[in-house]
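A.B. asks: got a sequence here, can you model it:
(chains A and B)
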Amino acid sequence: MSVILEARNLVRDYHIPGGLIKKAKTVHALKGVSFSVEQGKTLAIVGESGCGKSTLGRILTLIDPATSGELLIEGKKIDIAKGDMTAEMRRKVQIVFQNPYGSLNPRQKIGDILMEPLVINTDTPADERRDRAMTMLKKVGLTELHFNRYPHMFSGGQRQRIAIARALMLNPKLLVLDEPVSALDLSVQAQVLNLLADLQDELKLTYVFISHDLSVVRYIADDVMVMYFGEAVEYGSRDEVFADPKHSYTKTLFAATPRADVESIKARLAKKQAA
Amino acid sequence: MALLEIENLVVEFQTASGPFRAVNGVSMKVHEREVLAIVGESGSGKSVSMLAAMGLLPWTAKVTADKLTFNGRDLLGMSANERRKIVGKDIAMIFQEPIASLNPCFTVGFQIEEVLRIHMGLDKAGRRKRAIELFEAVGIPDPAERLGHYPHQMSGGQCQRVMIAIAIACNPKLLIADEPTTALDVTIQKQILDLLMKLQAEHKMGLIMITHNMGVVAETADRVVVQYKGRKMEEADVLTLFENPKSNYTRALLAALPDNATGDRLPTISELFVDEGAAQ
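C.D. replies: I've put the predicted structure just below:
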C-alpha cells in the first residue's frame, strides 16, 4: 500500500497583533502533529471545537501554510508558503465543508458549480466539461434533470451530494471531509455515508474525515486520531483506539457520547428508580 | 391530571400554493415530573407542535385542536394577554442555537432580570440576588461577575447555561427544550443534559425534549413520541421503543444509527420504510 499523505510535526501559530493596550499574542493552534494515511483508507480526526482540527484541515487542503513541519503528498514535499504550487498539485486534494447551505453559491446553477473547477484548473473544452459534470451528477445519485437547477431547490442531503460531486470533478486522490454529515438528519446521514463508502471503493479515494460524532467515526474510519488543544493525544487503528483509549481526554469523550442501546437504557432507568 | 394535554392538533401554514399542513392530528400528554422526548427528522413538525402549544407561531399559521390545555386551562381560547402570563413563567422553552437566542445588545444579567421583573415582580436587589442564585444553579462560575457580560463574551455551552437559567427563573411547571444540545460539542452536550436532568428532578418539572438524536433520547427520556411528516408514528416508553419498536418508521430510524451498523453499508430509511399512515 502506498502512503498518500504524510504529515511530520506540523505546527501552526496564529499571531494576533497588539494595539495600544493589548499586547501581541500568539495562539498555538497546532503543536506538532504527525500522521500518515495509505491509499484507499480513512483517517478520522476527532476533537472538540477549538482543538485545531479545522486548522489541520486547511493545511492539508493547501489553503493555509504550516508554520513549521513537513507535508508530503504522494511522497512529494509540499510547501505553499514558497508559492511554487502548480495546478497539478492542487488538484490532488479537495475538501467538502460542513454546511451544504453555506458552501454552494446560490446564484450559480448546479451545472456551473460542477464545471467551475474544470474551468479554473484545466483547459477542458466546454462540451467535455458538460459531459463530465453530467456523469458526476449520476455518480452521486442525482439525475441530468438537476443540471440547470439552483441550490435552493435542493434538500440538505442533496446539496451535500453536490458539494461532494464538485470536490470530485478534478479526480483528486485525497478528500478532506470537514464534518460532512453533522448538519444532516439521521436518515440522510446514512445515505451520504453510504455514498462516501461507494465512491471510496470505486475511485480508490483516501479520506481525512473530521468529525466530533464518535458513532459515525467508529463506522467509517480505519485509523483514528484524537486531538486536544492542538495536540494529537491518541493515534492508532480504529479498533485499538475504541477498545483501549489511553489518554484521559479520549476516555472523557467516550463517556460523554450518548449510548442508544437497550442495556444502557436499563441501567439508567434502574439508577433513576433507586434515586 | 396531565400537565399538558394535546388532542388532535393541526397546524397549517398559508403558502402561495395553498395551505401546507405541518402538523397533522398529533395527540400527546405530558405528566408532572415526566420526561417526554419527541423525535423526528427536520420537517416532521416536532418543533412546530410545541411552538403552537406556546402560541409562538406567526400569524400565517392556523392552529386547531380538539383540546389544548395546560394544567386544566384551555390555551387556545384564552386571550394573548392571559397566555403571556403563563408562557415564560409556567411553561418555559430553551432553543437550539444558544448564541442566536440571546440578545447581543444586552448583558446576560439584564436578560435574566427582565424575566424576573415581568413575571415575578421582584425589586432591583431581589432580582440581582435571584439572578446570582440561578447562575450558581446552572453551574456558571463567578456568577456576580458574569452577569455583566455580553453573550459574545461567553462560549456556546455557557450561553446555553444562561438560556437554561432564564427558562427556570420562574420555577416553571413545564420546560420545553428544543434540540438543546445540537449545536454543542459532545462533552458539553453531556454536561448540559446532566444539568437538565438534575434540574428536572430537583424542581419536579415536566420536561419535553425535542431532538433528532436517538442517543439523547436513550439517555434522558421516560416516554417517547416519534413523529414523521407531521404525524405521530409511535408512542411508547423508552425501553419498549428501543427493544421492540412497533412502527416500521421507528425500526428504520434505529437501523440507520451508525452504532447499529452490521454490514458494509447502512440501511437507509427509504429502503426500509413504507408509509404506513399514522399509528394512532
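
A.B. asks: show me where pLDDT drops low in chain B?
C.D. replies: Applying pLDDT under 70 to chain B picks out residues B:261-263, B:269-280.

A.B. asks: tell me where the stretch 1-150 of chain B has strands.
C.D. replies: Secondary structure of the stretch 1-150 of chain B (DSSP state E, counting those that start in this stretch): strands located at B:4-15, B:18-30, B:35-39, B:61-64, B:67-70, B:73-74, B:91-94.

A.B. asks: go on, the stretch 151-280 of chain B?
C.D. replies: With DSSP E, counting those that start in this stretch as the criterion, the stretch 151-280 of chain B has strands at B:174-178, B:206-211, B:223-228, B:231-237.

A.B. asks: near chain B, which residues of chain A show up?
C.D. replies: Counting by Cβ under 8 Å from any Cβ of the partner chain, the residues of chain A close to chain B are A:48-49, A:156, A:185-191, A:193-194, A:197-198, A:212-216, A:218-220, A:252-253, A:255-262, A:264-266, A:268-269, A:275. C-betas here are computed from N, CA, C, even on glycine.

A.B. asks: give me the PyMOL select line for these, limited to the buried ones.
C.D. replies: To isolate the buried members of these in PyMOL, using 16 or more other Cβ atoms under 10 Å in any protein chain shown:
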select buried, chain A and resi 48+156+185+186+187+188+189+190+191+193+194+197+212+213+214+215+216+218+219+220+252+253+256+257+258+259+260+265+268
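
A.B. asks: check contacts around the residue in the stretch 101-250 of chain B that chain A sits nearest to.
C.D. replies: Closest approach between the stretch 101-250 of chain B and chain A, counting by Cβ to the nearest Cβ: B:Gly215, at 2.9 Å. Listed by Cβ atoms under 8 Å, 6 or more residues apart in numbering or on different chains, the contact set of B:Gly215 reads A:215, A:257-260, B:259.

A.B. asks: any idea what the spatially most central residue of chain B is bridged to?
C.D. replies: The centroid of chain B falls nearest to B:Ala177 when counting by Cα atoms, centre = their mean (2.6 Å). For B:Ala177, the residues forming beta bridges with it (DSSP bridges) are B:Ile94, B:Met209.

A.B. asks: B:Ile6 now?
C.D. replies: Counting by DSSP bridges, B:Ile6 is bridged to B:Met28, B:Leu68.

A.B. asks: same deal with B:Val87?
C.D. replies: For B:Val87, the beta-bridge partners under DSSP bridges are B:Ile91.

A.B. asks: residue contacts, it?
C.D. replies: B:54-56.

A.B. asks: repeat that for 10 Å
C.D. replies: Shown in contact with B:Val87 (Cβ atoms under 10 Å, 6 or more residues apart in numbering or on different chains): B:53-56, B:70, B:75, B:80, B:93, B:119, B:172.

A.B. asks: between the residues you listed, which has the most around it?
C.D. replies: Greatest neighbour count in the contacts of B:Val87, by other Cβ atoms under 10 Å in any protein chain shown, goes to B:Ala53: 28 neighbours.

A.B. asks: isn't that residue up against B:Asp74?
C.D. replies: No. The criterion here is Cβ atoms under 10 Å, and B:Ala53 misses it with B:Asp74 at 11.8 Å.

A.B. asks: between the two, what contacts are shared?
C.D. replies: Between them, B:Ala53 and B:Asp74 share these contacting residues under Cβ under 10 Å, 6+ apart: B:65, B:68.

A.B. asks: wait, B:Lys85 sits on B:Met78?
C.D. replies: Yes. Contact criterion Cβ under 10 Å: B:Lys85 and B:Met78 qualify, at 9.2 Å.

A.B. asks: okay, these two: which has more neighbours?
C.D. replies: Set side by side, B:Lys85 and B:Met78 show more neighbours around B:Met78, with 15 against 12, by other Cβ under 10 Å.
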